[in-house]
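Engineer: Next come a sequence and a model predicted from it.
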Amino acid sequence: MGYLSKVFKYCFDEPQVNFERLSDMMCDGKERLRTYVYDCLPYQDDPPTDEQRRRYLRHNRFLATLGKLRRFDIRLGRLAYDRHAGEFVQKMVDVLMSVDLVRMSWGRQIGTAVLVTGDSDLVPAVLAAKDAGVVTVLYHADCHDENGHARTRAHSRLMEVCDECRVIDDELIQSALR
């Protein structure tokens, strides 16, 4: 969810999308087995500040709402503070996504995997899925922040190994609005 959240923020001014419709549209007419949402809950101090508590509860409600959608499952990693970067980073999310992709591919549960990510850590899992005969479709965006820094670009190696790459564009977002 971290990548898609950045896409929404930097490319589309945080639209209010219907996630079930968006997921179905990304499946391009193929039956959707399941949409896995990989995310982390926001950090909280012990004890949390009022703002941290509000952010945590708001995000938890959002994920609970997504989890109630038809064929949606939530997979949670955890946040860790990266002292070198001076920010919190998601942990275990890539591993959870990789395990699910490889398990479902080699278990012959899926014939096509639709991925919404930009992270090159997924390359080995994508290659394993392709070895199992799965078609891999990557949805990505390429937007920049107010200083011109790329914030949503998919890693070039990930784009190279996926069978198909599709851009998350205005038309897709507009069709998925609530």
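Structural biologist: Looks like it came in fine.

Engineer: Which residues belonging to the helix or strand hosting Ile74 are considered buried?
Structural biologist: Ile74 belongs to strand 72-76 when assigned by DSSP states H and E. For strand 72-76, the neighbour count (16 or more other C-beta atoms under 10 Å) marks Phe72 as buried. All C-beta spots, glycine's among them, are computed from the backbone N, C-alpha and C.

Engineer: swap in stretch 117-125?
Structural biologist: Judged by neighbour count (16+ other C-beta under 10 Å), stretch 117-125 contains these buried residues: Thr117, Gly118, Asp119, Ser120, Leu122, Val123, Ala125.

Engineer: what's the single longest helix in the protein?
Structural biologist: Among the elements of the chain assigned as helix by DSSP state H, the one spanning the most residues is helix 50-67.

Engineer: Next, the angle from it to strand 72-76.
Structural biologist: In terms of direction (axes from the mean of the first three to the mean of the last three C-alpha atoms, to 10 degrees), helix 50-67 departs from strand 72-76 by 140 degrees.

Engineer: Name the residues that touch helix 50-67?
Structural biologist: Contact with helix 50-67 is made by 19, 37, 39, 41-45, 48, 72-74, 76, as judged by C-beta atoms under 8 Å, 6 or more residues apart in numbering.

Engineer: Just read off the phi/psi values of Val17.
Structural biologist: Backbone torsions of Val17, given as degrees, to the nearest 10, read phi -100, psi 160.

Engineer: got the end-to-end distance for stretch 41-52?
Structural biologist: Terminal residues of stretch 41-52 are spaced 11 Å apart (C-alpha to C-alpha, to the nearest Å).

Engineer: so where do the helices sit in this structure?
Structural biologist: All helices of the chain, identified by DSSP H, fall at 2-12, 19-26, 50-67, 93-106, 123-131, 156-161, 170-175.

Engineer: re the thing from before, note down every partner strand of the strand holding Ile74 and its orientation.
Structural biologist: As defined by DSSP bridges, the strand partners of strand 72-76 come to strand 35-39 (parallel).

Engineer: how about the partner strand: buried residues?
Structural biologist: Using 16+ other C-beta under 10 Å as the burial criterion, the residues of strand 35-39 that qualify are Thr35, Val37, Tyr38, Asp39.
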